[in-house]
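[1] Need coordinates for the below:
(one chain, ligands or ions: 1)
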Amino acid sequence: MKKIAIIGGGISGLYFANLLNNEKDFEYKIFEKKDNYNFLEGYGIQLSVNSIKLLNSIGFKNLPASEVSFPTKVNFIQANNSKKICDIDLTQFNDSLNRYTTLKRSTLLKFLFQNIPQEKIKFNSNITKVDNSNGIRISFGDNKNEEFDYLIISDGIFSKTRSLIF
Ligand SMILES: Cc1cc2nc3c(=O)[nH]c(=O)nc-3n(C[C@H](O)[C@H](O)[C@H](O)COP(=O)(O)OP(=O)(O)OC[C@H]3O[C@@H](n4cnc5c(N)ncnc54)[C@H](O)[C@@H]3O)c2cc1C
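    A predicted model of the protein is given here:
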């Protein structure tokens, strides 16, 4: 059984972990620096049809209808005089199974998190070093180490993990 470390339990890390849930030859652990998720925050996120195709492969289509919306048009408005510049018909990208979708970001995270076994995600992770000279050895702030075969870095746009790799 190969071991995979996933650094960062955001949208990408959690999505990848969901895919691995169906793999018998791999086990994974997610290292997330936050102490938990805030499933109450209300920011919205819009998801293109391509991303919906990927999410539907892990059961996104089963979310209750009350949690998702399917907008049909986007209007582009000029900021200084509120005049409409153009609009885009979003339905042209849809197919019978996959539709342009909006929902709360927290709802998406909750969906991605719900199938992650508790023991596979370590919150409050403080990674201090990643040694990939012979396999992957991850060191933590409490002087502990853990070894893996593969490393997925999904710690977001301000990723610092690469600077910890030796
Ligand atoms: C204001 C705003 C609006 C956006 N709107 C949309 C939208 O409508 N539609 C859309 O498709 N995209 C949108 N995006 C982009 C989208 O949010 C990102 O593409 C997406 O979040 C990237 O996912 P990710 O998992 O790579 O990173 P993130 O979602 O940023 O997740 C990274 C995770 O890694 C954790 N982490 C960071 N450093 C460490 C570390 N050292 N150790 C362990 N864990 C760590 C973080 O706590 C976080 O949980 C928006 C972005 C912003 C900023």
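
[2] Might you report the residue contacts of Gly44?
    102-105 (Cβ atoms under 8 Å, 6 or more residues apart in numbering). (Glycine included, C-beta is placed from N, CA and C.)

[3] Distance from stretch 40-47 to the middle of the chain?
    In this view, stretch 40-47 has its centroid 13 Å away from the chain centroid, taken as Cα atoms, centre = their mean, to the nearest Å.

[4] hmm, that stretch touching the ligand?
    Yes. Stretch 40-47 is in contact with the ligand by Cβ under 6 Å from any ligand atom, via 45-47.

[5] circling back: a markdown table please, covering the contacts of Gly44 and showing pLDDT, secondary structure and neighbour count.
    Below are the contacts of Gly44 laid out as a markdown table (pLDDT from 0 to 100; DSSP: H, G, I helix; E, B strand; the rest coil; neighbours: other Cβ atoms under 10 Å):
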| residue | pLDDT | secondary structure | neighbour count |
| --- | --- | --- | --- |
| Thr102 | 97 | strand | 13 |
| Leu103 | 96 | strand | 17 |
| Lys104 | 95 | strand | 17 |
| Arg105 | 95 | helix | 15 |
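
[6] returning to that earlier point: which PyMOL command selects the buried ones in the residues of stretch 40-47 next to the ligand?
    Of these, the buried ones go into a single PyMOL selection, burial set by 16 or more other Cβ atoms under 10 Å:
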select buried, resi 47
